[in-house]
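Turn this into a structure:
(chains A, B, C and D)
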2 protein chains.
Amino acid sequence: MNTQTEEKAATTPPDLSTDPDAAAEIETTGDDVAETPGPRKLGRKRDHSRDPEILDAALDVLAEEGYDGMTIDMVAARAKAGKATLYRRWPSKGELVVDAVACMKRGDLDLDNLPDTGTLRGDLLAMVKPRTIVDAGRKLQIMAGLMSVLSRSPELASTIDAAIVEPRAQVNRILLRRAVERGEIAETIDIEAIALIAPSMAAYRSLVRQLPVDRDFLISVIDGIVLPAVGLPGGKTAEA
Amino acid sequence: MNTQTEEKAATTPPDLSTDPDAAAEIETTGDDVAETPGPRKLGRKRDHSRDPEILDAALDVLAEEGYDGMTIDMVAARAKAGKATLYRRWPSKGELVVDAVACMKRGDLDLDNLPDTGTLRGDLLAMVKPRTIVDAGRKLQIMAGLMSVLSRSPELASTIDAAIVEPRAQVNRILLRRAVERGEIAETIDIEAIALIAPSMAAYRSLVRQLPVDRDFLISVIDGIVLPAVGLPGGKTAEA
DNA sequence: TGTATCCGAAACTACTCAGTTCCGTATATA
DNA sequence: TATATACGGAACTGAGTAGTTTCGGATACA
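Numbers count the residues shown, from 1 in each chain, chains lettered A, B, ... in the order given. Reported below is the predicted structural model:
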C-alpha cells in the first residue's frame, strides 16, 4: 500500500492493510514510483528496510506540527534522508501521510492476547498500562494534527478510523462481550455505545481541553462512568 | 500557529478577553489598528457595526476550511469587504481568528434561563433542541479546524475553552447540581466528570468519526450512559 | 461645502513549500 | 570491474498566501 498510485488508493481502501515490506519483494523494479511492470533489474536496489524509519519520522513530525505544518523537508531531515528519496517512494505528501497512518496500526493492542481477569473491572484496569497510555497519547496527537484534513480526505478519514479509532473500540467491545457471556452485566446494554465512552472522554480531554490522559483519569472514567453505566459498582460505590 | 504576533500573543494572553465592540467605543481614533491615543477625530468614522459580519464570515470559512486552509481573501470575499479593511481592524490573521472565536461565546445557551422540568432526565432532554444541536455542530466544525493549532497557541486554546467547551459543561453542571439538591441523585457523584460525558461523546462522534450528532444519538447517550452513571434508569430501563 | 478619513478593489512584495532536477557518491548485479 | 541504479544534498520551479500599498469613490464631521 505504500507508494500507492492515486486511483488504486481511491478505489481500493482495503489495500491499506498491507505493509510496506510486502511490496518490497514484489516491486524490485526501477527508480520510478511503483510503475513499469517491465522486467529490468539492474543496478542498486531500493532499500525498502528504510521505509518504516521514514514513515515513523513522518508520524513524529505529524504529531508535533499537524498536517499543514508538516513539510517534506522536515520529514526528510528527521529521517536523515534526501527529499528526493521520499518522492521516489511516495508520489505526494498526502500519500506519504496516509501510508504512515496506516502502518501505525500494528505495534500495540494485540486483540488475541487481551487480559482475562474474570471481572470486567479487572479487565478494564489491566488495559491501563503506561505503555498503552503513551501509545494512545501519541495517536491522539497525530489525530489532532489530521483533524482539519479529515473532512477533505475520505481516504485519510477511513485510514485513521482503521488505525486509531477502531482498534481501541474493538478491545472494549471484546471485554464487554465477555462480561455479558459470563453473566456479569445485562445483555441488554448497548455495547457499542459503552465501548466508546473511554475513547471519547480521553480524546476530548487530550485534544480539546489539552489536559493529560493519565492513569488516574482513566481509572476515574472506568469507576465513575463505565461501570455504573453497565449497572456495576465502581471502585468506590457511590450509594446515597 | 504561524503569523501569531509572536511576542504579544506569548506575553499577554489576557488581552484576548476583550471583544471588538468594546474597543469601538474607546478607540474611535484613526485609520491604524488600535494605536495612537492622540485625540484626532476628523473625517469619516470607522463603521464598527460591520465587525460582527466580518467575524461571522471568518467563522464560516474557519468551519469549512480549517485554520490553515482559511485565507484572508476568502473572509474578505464572504464578508463583501476589502482585504485592506480587515487589516485595518485586526493586525493579523491569528488575531482575527482569536477575536472571531471569542465573539462566538454569546449567541446561544443563556445560563440564567435553563429548563426546569423537575427531573434530571426532563432537563437534559429539554436541552436537545434542533437549534442547540445546529449551534453545537457548527462549534464542533470550527473546533476541528483549530485543533492542530491549539498546541501551538495557548491563547487560542483558552479562548476556545471559554467560548465552546466551558459553556456547555456549565449547563450540565447546573442541571446536575439541581438534581443533587432536590435529592434525585446522590451527592457523592462526580459532577465534573458526568457533565463532560455528553460533550465528549458528541465531539468524538462528530470530529473523529465524522458521524452526525443528531437527536437520537444525544438521547441514547443520556438514557444509556449519563442517567445510568448517576444511578437513575434511562428511558428504557435495562435490568437483567 | 470642504476635507479628512473610511471604503472596496486590485496590484504588488516577500516568503513558504510541494514537487523536480541535477550532482557526486555508494552499491548491488553481471 | 563495468554498469545501472539508489542514495543524500542542494539548487531550482511554480503556485499560493500573508501582509502592504495604491487608487477612485463614498461619507461623516466642521
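
Can you confirm whether whichever helix in chain A runs longest lies near DNA strand D?
Among all segments of chain A classified by DSSP state H, the helix with the greatest residue count is helix A:130-150. No - using C-beta under 7 Å from any atom of the strand, helix A:130-150 stays clear of DNA strand D, with a minimum separation of 13.3 Å. The way it works is simple: take the backbone N, C-alpha and C, and place the C-beta from them, glycine included.

List the buried residues in whichever helix or strand comes after that helix.
Read in the C-terminal direction, the helix or strand following helix A:130-150 is helix A:154-160, with elements assigned using DSSP states H and E. Of the residues in helix A:154-160, those with enough neighbours to count as buried (16 or more other C-beta atoms under 10 Å in any protein chain shown) are A:155, A:156, A:157, A:158, A:159, A:160.

got it, and stretch A:130-149?
When neighbours are counted by 16+ other C-beta under 10 Å, the buried residues of stretch A:130-149 are found to be A:132-133, A:135-137, A:139-149.

Now compare those residues and name the two farthest from each other.
Within the buried residues of stretch A:130-149, two members stand farthest from each other by C-beta to C-beta: A:132 and A:148, at 27.1 Å.

returning to that earlier point: closest to chain B among the buried residues of helix A:154-160?
Comparing the buried residues of helix A:154-160 against chain B with C-beta to the nearest C-beta picks out residue A:157 as the nearest, at 5.7 Å.

Kindly confirm whether my reading is correct that that closest one touches residue B:211.
No - counting by C-beta atoms under 8 Å, residue A:157 sits too far from residue B:211 to count as a contact (10.8 Å).

Can you pull the residues that touch both of these two?
Listed as contacting both residue A:157 and residue B:211 by C-beta atoms under 8 Å, 6 or more residues apart in numbering or on different chains is no residue at all.

okay, now residue A:215: neighbour count?
Using other C-beta atoms under 10 Å in any protein chain shown, residue A:215 has 13 neighbouring residues.

what's the answer for the one 10 residues further on, then?
By the criterion of other C-beta under 10 Å, residue A:225 has 27 neighbours.

Nearest residue to it in space, ignoring adjacent ones along the chain?
Nearest residue to residue A:225, sequence neighbours excluded (C-beta to C-beta, 6 or more residues apart in numbering or on different chains): residue B:229, at 4.9 Å.

Same check on residue A:124?
On the basis of C-beta to C-beta, 6+ apart, the spatially nearest residue to residue A:124 that is not a chain neighbour turns out to be residue A:222, at 4.9 Å.

filter the buried residues of stretch A:130-149 down to the ones near chain B?
Among these, the ones lying near chain B by C-beta under 8 Å from any C-beta of the partner chain are A:141, A:143, A:144, A:145, A:146, A:147, A:148, A:149.

any idea which of these is least confident?
Comparing pLDDT over these, residue A:148 scores lowest. The value there is 91.

Looks like that one contacts residue A:67 (just checking).
Yes - between residue A:148 and residue A:67 a contact is recorded at 7.2 Å, counting by C-beta under 8 Å.

Spit out the residues that contact those two alike.
residue B:148.

What parts of chain A come near DNA strand C?
Taking C-beta under 7 Å from any atom of the strand, the part of chain A that reaches DNA strand C is made up of A:41-45, A:69-73, A:83-84, A:87, A:91-94.

could you pull out the helices for chain A?
For chain A, the helices identified by DSSP H occupy A:6-11, A:20-26, A:51-69, A:72-78, A:83-89, A:93-102, A:120-126, A:130-150, A:154-160, A:166-181, A:191-195, A:197-203, A:215-221, A:227-229, in order along the chain.

Output the ones you listed in TSV, with distance to residue B:181 appended to each entry.
Supplementary listing: these in TSV, determined by distance: least, C-beta to C-beta, whole Å:
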stretch	distance to residue B:181
helix A:6-11	56
helix A:20-26	59
helix A:51-69	44
helix A:72-78	54
helix A:83-89	61
helix A:93-102	48
helix A:120-126	31
helix A:130-150	36
helix A:154-160	43
helix A:166-181	34
helix A:191-195	29
helix A:197-203	26
helix A:215-221	23
helix A:227-229	21
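
can you tell which of these is closest to residue B:203?
Of all the helices of chain A, it is helix A:197-203 that lies closest to residue B:203, at 7.3 Å by C-beta to C-beta.

got a list of what residue A:227 touches?
Counting by C-beta under 8 Å, 6+ apart, residue A:227 makes contact with A:120, A:121, A:124, A:233, A:234.

Mark which of the residues you listed are buried, thanks.
A:120, A:121, A:124, A:234.

Any chance you could list what contacts stretch A:164-181?
Contacts for stretch A:164-181 (C-beta under 8 Å, 6+ apart): A:101, A:104-105, A:109, A:111, A:114, A:116, A:119-120, A:123-124, A:127, A:136, A:139, A:142-143, A:185-187, A:189, A:191-192, A:194-196, A:198-199, A:230, B:208-209.

which of those are buried?
With neighbours counted by 16+ other C-beta under 10 Å, those contain buried members at A:101, A:104-105, A:109, A:120, A:123-124, A:127, A:136, A:139, A:142-143, A:185, A:189, A:191, A:194-196, A:198-199, A:230, B:208-209.

May I ask you to confirm that residue A:200 is in contact with residue B:204?
Yes - with contact defined as C-beta under 8 Å, residue A:200 reaches residue B:204; the gap is 3.7 Å.

the more surrounded of these two?
A direct count of neighbours by other C-beta under 10 Å for residue A:200 and residue B:204 places residue A:200 higher, at 27 against 23.

and the more buried one, what pLDDT?
For residue A:200, the model assigns a pLDDT of 98.

tell me the contacts of residue A:120?
For residue A:120, the contact set (C-beta under 8 Å, 6+ apart) comprises A:175, A:176, A:178, A:179, A:184, A:185, A:227, A:230, A:232.

Kindly provide the distance from it to residue A:128.
For residue A:120, the distance to residue A:128 under the criterion C-beta to C-beta, to the nearest Å works out to 13 Å.

With residue A:201 instead?
Residue A:201 is 13 Å from residue A:128, by C-beta to C-beta.

Which of the two has more residues huddled nearby?
Relative neighbour count places residue A:201 above the other of residue A:201 and residue A:128, with 25 against 17, counting by other C-beta under 10 Å.

okay, stretch A:195-203 in PDB with CA atoms only?
Output for stretch A:195-203, consisting of C-alpha atoms alone and laid out as PDB, is shown next (Å, rounded to 0.1, in the frame of the first residue of the first chain):
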ATOM      1  CA  ALA A 195     -17.200   0.800  24.300                       C
ATOM      2  CA  LEU A 196     -16.800   4.400  23.100                       C
ATOM      3  CA  ILE A 197     -17.100   6.100  26.500                       C
ATOM      4  CA  ALA A 198     -13.400   5.900  27.400                       C
ATOM      5  CA  PRO A 199     -12.000   6.600  23.900                       C
ATOM      6  CA  SER A 200     -14.400   9.600  23.700                       C
ATOM      7  CA  MET A 201     -13.600  11.100  27.000                       C
ATOM      8  CA  ALA A 202      -9.800  10.500  26.600                       C
ATOM      9  CA  ALA A 203      -9.900  12.200  23.200                       C
END
